[in-house]
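Q: this one's structure only:
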C-alpha cells in the first residue's frame with residue numbers, strides 16, 4: 001500500500017509569487033503557438049548587441065586553455081580595476097578596487113545578497129511604490145516587514161522624506177532607491193541625494209541606490225556616491241545589462257565602504273562559485289569604451305522613443321518628455337478602470353503586449369509602460385495595429 005506523501009514548502013513560499021514577467025512570457029508563448037503574431041513591448045531586454053570589441057574579447061579569452069576553471073568570489077583584479085576606473089571617469093567618484101567594489105553575477109542577484117546581509121526576520125525595509133518588484137520579494141523572502149513609501153508624479157516621483165520622518169523608523173534597516181527611476185523615468189537631483197544620505201545617517205538606515213539606467217537617454221549620469229560621506233551609509237548597485245547591452249551576461253557590481261562590501265561577500269560567497277573569467281575580461285573591455293559607445297546606443301533609443309510617444313498618443317496616454325531610461329511611463333485615460341484593462345485590450349485586440357503599471361505597486365494602477373528595446377520596424381507595426389484598433 002502506497003503511503004500518502006505530504007511535503008509542504010517553506011512558509012516563505014507563501015509570501016512571494018512567481019515573477020509577473022515569468023508568468024506573462026509563458027502566456028505570450030502560448031498565444032504565439034496558437035498563431036497569434038505577438039509583439040512584446042513590455043520587457044527592458046536590450047535587443048542590440050554589445051560592442052564588437054567586447055565580443056571579440058569574449059571569443060578570444062574563451063579559446064584559451066586556462067580560462068575555464070573556478071574564479072575568485074571577488075572577481076579578477078582586471079574587472080575590479082575597470083569598475084573603479086569607470087566610476088572615476090563617468091561619475092567622478094574614487095573607488096578602491098580592492099576594498100570598495102564587488103562584482104556580482106547580476107545586480108538583481110545583488111538585491112538578494114544585500115537583503116540577506118543586513119536584514120533579520122522582523123526588521124523593516126523601506127520599499128518604493130511604484131517600484132521594481134524584486135525589492136519587495138527579496139524582503140519577503142528574508143521575512144522582513146515591508147514599509148511602502150509612495151512615489152507621486154506631483155513630487156517628481158521622489159520619496160517624501162518629511163512624511164517618512166513622522167513614522168516610527170526604529171526597526172528599519174534598509175531603504176531602496178532607484179534613480180534614474182524605473183518604471184517612471186524620473187531622475188533625482190544631487191540635492192535630493194544629499195538629503196537622503198543625511199536621512200539614512202540620522203536613522204541608521206542603509207540607503208541602497210539601484211543605478212542601472214544612468215547612461216540611457218540621460219545627459220548627466222549620476223551616482224549617489226558623489227555625495228560627500230555617502231559611502232558611510234550607502235550602497236550602490238550598477239550593471240552592464242542596460243548600459244552595455246549585456247543583460248544575459250549577468251554582470252553587475254556593488255559599491256560601498258569596505259565593511260559593507262565584506263558583509264555582502266559573506267552571503268555571495270556561499271551562493272555562487274565565481275564568474276566565468278572570459279566574461280569578466282570582456283566586461284572590463286566594455287567598461288573601458290569611450291563616450292562614442294553611449295552616444296551610438298542613445299541615438300538609436302531616441303529614434304525609438306519618437307515612435308513610442310506616437311503609440312502613447314494613439315492610446316490617449318499622458319507622459320513626461322523628460323523621462324530617462326529605456327521605458328516610457330504614461331498615465332492612462334480615465335475611461336479605463338486600471339492599467340490592466342488597457343493592457344488586455346491591446347494584447348487581445350491587436351496582439352501587442354505592454355506592461356500594466358499595477359505590477360509595480362498600487363501607485364502604478366493608472367499607468368502603463370512601454371519598452372524601447374524593440375526595433376523601429378516592429379514599433380511601426382505595433383503602431384499600425386493599435387491605430388487600426390482605435391479607428
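A: On my side now, so go ahead. Quick caveat, the model's predicted, so the values are computed rather than measured.
Q: Check this protein and tell me which residue is nearest its centre.
A: residue 212 (5.9 Å; C-alpha atoms, centre = their mean).
Q: Now it: closest residue in space, sequence neighbours ignored.
A: residue 239 (4.1 Å; C-beta to C-beta, 6 or more residues apart in numbering). All C-beta spots, glycine's among them, are computed from the backbone N, C-alpha and C.
Q: For the one you found, give the beta-bridge partners.
A: Beta-bridge partners recorded for residue 239 (DSSP bridges): residue 252.
Q: That one touches residue 249, doesn't it?
A: No: Residue 239 lies out of contact with residue 249 (C-beta atoms under 8 Å); the separation is 9.8 Å.
Q: Run a quick neighbour tally on the residue nearest to residue 212.
A: 23 (other C-beta atoms under 10 Å).
Q: Please name the residues that touch it.
A: Contact partners of residue 239, counting by C-beta atoms under 8 Å, 6 or more residues apart in numbering, are 106, 107, 212, 251, 252, 253.
Q: after the strand or helix carrying residue 162 comes which helix or strand?
A: Per DSSP states H and E: residue 162 is located in helix 161-165. Heading C-terminal from helix 161-165, the first helix or strand you meet, by DSSP H and E, is strand 172-177.
Q: Show me what that following strand packs onto, helices and strands only.
A: helix 107-118, strand 124-129, helix 190-203, strand 206-210 (3 or more C-beta pairs under 8 Å, 6 or more residues apart in numbering; DSSP states H and E).
Q: and the first one, which residues are buried?
A: The reference is to helix 107-118. In terms of neighbour count (16 or more other C-beta atoms under 10 Å), helix 107-118 has its buried residues at 107, 108, 109, 110, 111, 112, 113, 114, 115, 116, 117, 118.
Q: what's the burial count for residue 220?
A: The burial count for residue 220: 8, using other C-beta under 10 Å.
Q: same question, the one 10 residues further on
A: For residue 230, the tally of surrounding residues (other C-beta under 10 Å) stands at 25.
Q: the longest helix in this structure is where?
A: When the chain is parsed with DSSP state H, its longest helix is helix 291-314.
Q: avg pLDDT for the next helix or strand after it?
A: Proceeding N to C from helix 291-314, the next assigned helix or strand is strand 318-319, under DSSP H and E. Strand 318-319 carries an average pLDDT of 98.
Q: elements contacting strand 318-319?
A: strand 327-331.
Q: and the strand it packs on, which strands flank it?
A: Strands that pair with strand 327-331, judged by DSSP bridges, come out as strand 318-319 (antiparallel), strand 367-371 (antiparallel).
Q: what is the orientation angle of the last one with helix 291-314?
A: For strand 367-371 against helix 291-314, the angle by axes from the mean of the first three to the mean of the last three C-alpha atoms, to 10 degrees is 140 degrees.
Q: Just the element for residue 29, please.
A: Going by DSSP H and E, residue 29 is in helix 20-33.
Q: Provide a list of residues in contact with the closest residue to residue 199 other than its chain neighbours.
A: Leaving aside its sequence neighbours, residue 199 sits nearest to residue 161 (C-beta to C-beta, 6+ apart; 5.4 Å). Residues near residue 161 by C-beta under 8 Å, 6+ apart: 195, 196, 199.
Q: How about the contacts made by the second one?
A: Spelled out, that is residue 196. 159, 161, 175, 177, 207, 224.
Q: what does the last one give?
A: By C-beta under 8 Å, 6+ apart, residue 199 lies in contact with 161, 164, 165, 175, 205, 207.
Q: List the beta-bridge partners for the residue nearest to the fourth one when sequence neighbours are not counted.
A: Nearest non-adjacent residue to residue 175, counting by C-beta to C-beta, 6+ apart: residue 126, 3.9 Å away. According to DSSP bridges, the residues that bridge with residue 126 are residue 147, residue 175.
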